[in-house]
Every structure is written in structure tokens, then in C-alpha cells.
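> Have a look at this prediction, sequence included:
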Amino acid sequence: MTWVNVRADGRALYSRASSRRTTSRLPGLRAQALHGQRRHDPFPIPLPPLVDNTRKNVTLLSISQALLLTNNSILIATNGLAGYALATDKTLATLPVTAYIAGAALSTMPASLLMRRIGRRSGFTLGALFGMAGALICAYAAFRHQFWLLCAGALVLGVYNATGQYYRFAAADSASADFKSKAISLVMAGGIAGGILGPETTKLTKDWIAQATFAGSYLSLALFCLMSIGVLSLLRIPALSAAQQTEPGRPLALIARQPQFLVAVISAVVAFGVMNLLMTATPLAMDACRLPFSDAAFVIQWHVIAMFAPSFFTGALIKRFGLLNIMLLGVVLSLACVGVALAGVDIHNFWLALVLIGVGWNFMFVGATTLLTECHTPAERGKVQGVNDLAIFATMIATSLSSGLLFTLQGWMAMNRMAIPFLLLAGGAIVWLGAKRRRLARASLRGGE
């Protein structure tokens, strides 16, 4: 809408085209207009719209997501190897990996509830400070060759991961309904940079400190957390009002009865569970097939790209084809991953399977996050988002711990077949919600006639 205000003498006072007010020849006119007085002029001057920080926030959160995923990538490449080097009992080598996920799982609900009180920016900054502390503990543990201290540092680092998972929800907080899915997907797109920077940083920093392999990599994590604090300081996300902070909202049991809540949580849990199960087992399967480590690294790198690259257009696809349709497409792509994996064990089978599961995860997860925002009021978002992410982290712990065991006992093919029922469950839930919404829409039309 173009705002042009003209005085009786024909002079324009404010024009959107010029994006500024001109100086009035009547000194008191602007003050009167600002206070709603119209004694001297029948044409009031409308105030310019409030500054919309949505796109700025999305950009900053996308950068923060890139820094978070950089840390995650470094830890994925480092924790297991550092644990193996420091552990006396080599069967505990992956315990630092589990500690990192456990730290996130334990803190995700408290972090969500705390951000309801102190705001997104303060909560994210506190999480990054925990990340710095955890990284420094891990670096000291690597320097002193202390395995259990390394696990403790990884546990503290998990708090940063937990708070960072709410970046996507923060993007939706101030976004309009039309821009919400796109805001979420653009923040997720920051993961591409993390998937590239993380492994390269590990290569450059693992031998920074002599006699303490990987201590330099952990120190680099602290630097990335410090950079994240600087970026987060620029966020301008509206805080909850005093009334919203004190309002208890509906009981969680009542919120969980909503069909969209059930479908959102089921889809997110299945997307993460299946992806994490197959991704974790892929290097083991490729090694068993006598494929070189370089091939496994190539496959995982493309998997990470496939997880986050679609985020540049996932929001636009949701807006054009519908939220549930894109989520269902994610299920179909994940099932196609299983089909490709079952078809053979050549490198192209592993590569295509993990690309498909990466894109499928993106469509399901971005869609589930968008759907979850429809389930709660601002006062309820802390507990609803916290429960959702707690379920996701619990699933990640279960699949991380069971992946190696299932591969050893059942094999790669059996693991892929085990994923099918869970994907069908998610697909069925999405179809059920779509049918329910169509019935309600038809009933509404008949009621309006």
C-alpha cells in the first residue's frame, strides 16, 4: 500500500516512494499528527510501520545454525576417536558421543522453559556459554589424557546443542503465517556450512597441540561458540509479555490430544530415528563390504548436504503444495532410500540411499516443526517444544546405542527392513490428518451454506 499524505496546498508530507518525511512548513503539524490531532489538517500523517526484524533474525539464526552444526560435525569426527585413544576399556570408546546426546536430552526441557522466562536471545547466549565451558573441559581432558573428564565435558557441551535446536522455533516466533515454514527452512539451511566447515576444521586443528591429539579441535569449538555469542547478540525477537509468562496455558495432556501435535511428534521422531540409525551404520556396512574409508567419508558428506541443501526451497514447496503433502513426500523418499539400500552394496547404492534419506529427513522434519507451531499458544510453546525435542533426543540416544549392536547381530539389510514399519506409521499418520482436515473443511462449507 502506498502512503502519500497531501496538505491542502498540495505539498506531500510523507511518501513511501521517498521513504522519508519532508519538513513541514507548519512546525506544529507533525506533533499534532503524532498525537492524533487534526485541527489544522484534515489529512493525518500515518506513522511508518514498526521495524520488521523477521528477515534479519532469520539470517542471524541461520548463521548461528551453521556455527552449531560446525561444532556438531567436529564432535562427530572427534569424540569417538578421542574416546578410543583415552579409554582403558575400548568398549567405552563411544561413551563421549552418547554423553553429548545425553547432555542435550537432559537439558532440552529446562532450556525451553527457561527461555520462556528470560527470552530467546538470553537463553541462546547461555547455551553458547555452556558450549564454551564444555569445549574447554574437553580440551583439558585431551591434554591431561583423562577419559572420564572428556565424557563430562561432552555432557556439558550437550547443553549448547539443546538450546541450538530451538533456533528453528525462534525463527517462527516473529514470522507471519505465510513466511513461517520458509523461515524455519532457511534457518535449517545453515547446516550446509557446518557440514563443510566441521570436517575441514578437524583436519586443521587436531594436531595443534603436541602430545595432545584433538585438544586443538576442542579449543576450536570454544572459538565457534564465542562467535555464536557475537551473532546472537544482534537478535531482536519479541519477548513474551508478563501475562504470557505467568499464564499456565492448557495442560500438556490436553495439548497432546490434538491430531496435529501427534502427527508432528511422530513425524519428527521417525525422521530422526530412521536417519540416525541408517547413517550411523553406513560406515560400518561400507567397511564390511571392503569399501575404503574415503568412500565412506564421501557418502557421509553428501548425506549432510542432502539433509540441509533442500532447506533453501522446502518452505516454498510447503507454501505451494501444502504442508502435509511435502511431509508425505519425505516419507516416500525415505522408503526409496530403503529400497535402494536393499538393492545392493556398491558405493552408488550407499551414496544414493543416504542422499534420499537426507532429503526425506529434511521434508519430514521441517514439516513437523511447522506443524508443531500450530499446536500451541505463545504461553504454551516452552513445554510443547521441550517435549517434542526431548522425544527427538531420546530417539537419537536409542538409535545411536543400538545401531552398532543391530548391525553386528542382524546386518545391514535387516536394519533397513526394520525401518519400513516406522516410516509406514509416519506416512499413515500424515494421511490420517489430511483426511481429517478435509472432512472438517467440507463440514464447515456445508454449515456456511
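In hand now; what should we look at? Predicted, not measured: the structure shown is a model, and the values here were computed from it.

> did I read that right, residue 366 in a helix?
Yes - secondary structure of residue 366 (DSSP: H, G, I helix; E, B strand; the rest coil): part of a helix.

> List the residues that contact it.
Residues counted as contacts of residue 366 (C-beta atoms under 8 Å, 6 or more residues apart in numbering) are 181, 184, 185, 188, 311, 314, 315, 318, 326. All C-beta spots, glycine's among them, are computed from the backbone N, C-alpha and C.

> Just checking, which of these comes out lowest on pLDDT?
In this model, the minimum pLDDT among the contacts of residue 366 belongs to residue 181 (84).

> could you measure it against residue 321, distance?
In this view, residue 181 and residue 321 are 11 Å apart by C-beta to C-beta, to the nearest Å.

> one step back: filter the contacts of residue 366 down to the ones in helices?
Restricting these to those inside helices, with DSSP state H as the criterion, leaves 181, 184, 185, 188, 311, 314, 315, 318, 326.

> related to what we said a few turns ago, which pair in the contacts of residue 366 spans the largest distance?
188 and 326 (13.5 Å; C-beta to C-beta).

> Mind listing the shared neighbours of these two?
Counting by C-beta under 8 Å, 6+ apart, the residues touching both residue 188 and residue 326 are 314, 366.

> quick one, which of these two is more surrounded?
Each of residue 188 and residue 326 has its neighbours counted (other C-beta atoms under 10 Å); residue 188 has more, 27 against 24.

> Grab the nearest non-local neighbour of that one.
Once its chain neighbours are removed from consideration, residue 188 has its nearest residue in residue 311; the separation is 4.1 Å (C-beta to C-beta, 6 or more residues apart in numbering).

> Specify the local secondary structure of residue 401.
Classification of residue 401 into helix, strand or coil gives helix, according to three-state DSSP.

> Now do the buried residues in the helix or strand hosting residue 85.
Of the helices and strands defined by DSSP states H and E, residue 85 is found in helix 54-86. Of the residues in helix 54-86, 54, 57-79, 81-83, 86 count as buried by neighbour count, 16 or more other C-beta atoms under 10 Å.

> burial count for the closest residue to residue 267 other than its chain neighbours?
In space, and not counting its chain neighbours, residue 267 is closest to residue 368: 4.1 Å by C-beta to C-beta, 6+ apart. Residue 368: 27 surrounding residues under other C-beta under 10 Å.

> Quick one: residues contacting residue 368.
By C-beta under 8 Å, 6+ apart, residue 368 lies in contact with 263, 264, 265, 267, 268, 271, 327.

> Among those residues, which ones are in helices?
Helix and strand membership here follows DSSP H; of those, those in helices are 263, 264, 265, 267, 268, 271, 327.

> Among the residues you listed, which one lies nearest to residue 344?
For residue 344, the nearest member of the ones in helices among the contacts of residue 368 is residue 271. The distance, counting by C-beta to C-beta, is 24.7 Å.

> Give me the neighbour count for that closest one.
When neighbours are defined as other C-beta under 10 Å, residue 271 has 29 of them.

> do the one 5 residues further on as well
Other residues lying near residue 276 total 21 when counted by other C-beta under 10 Å.

> Can you dump the C-alpha atoms of the helix or strand hosting residue 339 in PDB for me?
Remark: residue 339 resides in helix 323-343, with elements defined by DSSP H and E. C-alpha atoms of helix 323-343 as PDB (Å, rounded to 0.1, in the frame of the first residue of the first chain):
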ATOM      1  CA  LEU A 323       2.500 -28.900   4.400                       C
ATOM      2  CA  LEU A 324       1.200 -32.500   4.700                       C
ATOM      3  CA  ASN A 325       2.000 -33.200   1.000                       C
ATOM      4  CA  ILE A 326       5.600 -32.300   1.500                       C
ATOM      5  CA  MET A 327       5.800 -34.300   4.700                       C
ATOM      6  CA  LEU A 328       4.400 -37.300   2.900                       C
ATOM      7  CA  LEU A 329       6.900 -36.900   0.100                       C
ATOM      8  CA  GLY A 330       9.600 -37.100   2.800                       C
ATOM      9  CA  VAL A 331       8.200 -40.400   3.900                       C
ATOM     10  CA  VAL A 332       8.200 -41.700   0.300                       C
ATOM     11  CA  LEU A 333      11.800 -40.600  -0.300                       C
ATOM     12  CA  SER A 334      12.800 -42.300   3.000                       C
ATOM     13  CA  LEU A 335      11.200 -45.500   1.800                       C
ATOM     14  CA  ALA A 336      13.000 -45.100  -1.500                       C
ATOM     15  CA  CYS A 337      16.200 -45.000   0.500                       C
ATOM     16  CA  VAL A 338      15.400 -48.400   2.000                       C
ATOM     17  CA  GLY A 339      14.700 -49.800  -1.500                       C
ATOM     18  CA  VAL A 340      18.000 -48.600  -2.900                       C
ATOM     19  CA  ALA A 341      19.900 -49.900   0.100                       C
ATOM     20  CA  LEU A 342      18.300 -53.300  -0.200                       C
ATOM     21  CA  ALA A 343      19.100 -53.400  -4.000                       C
END
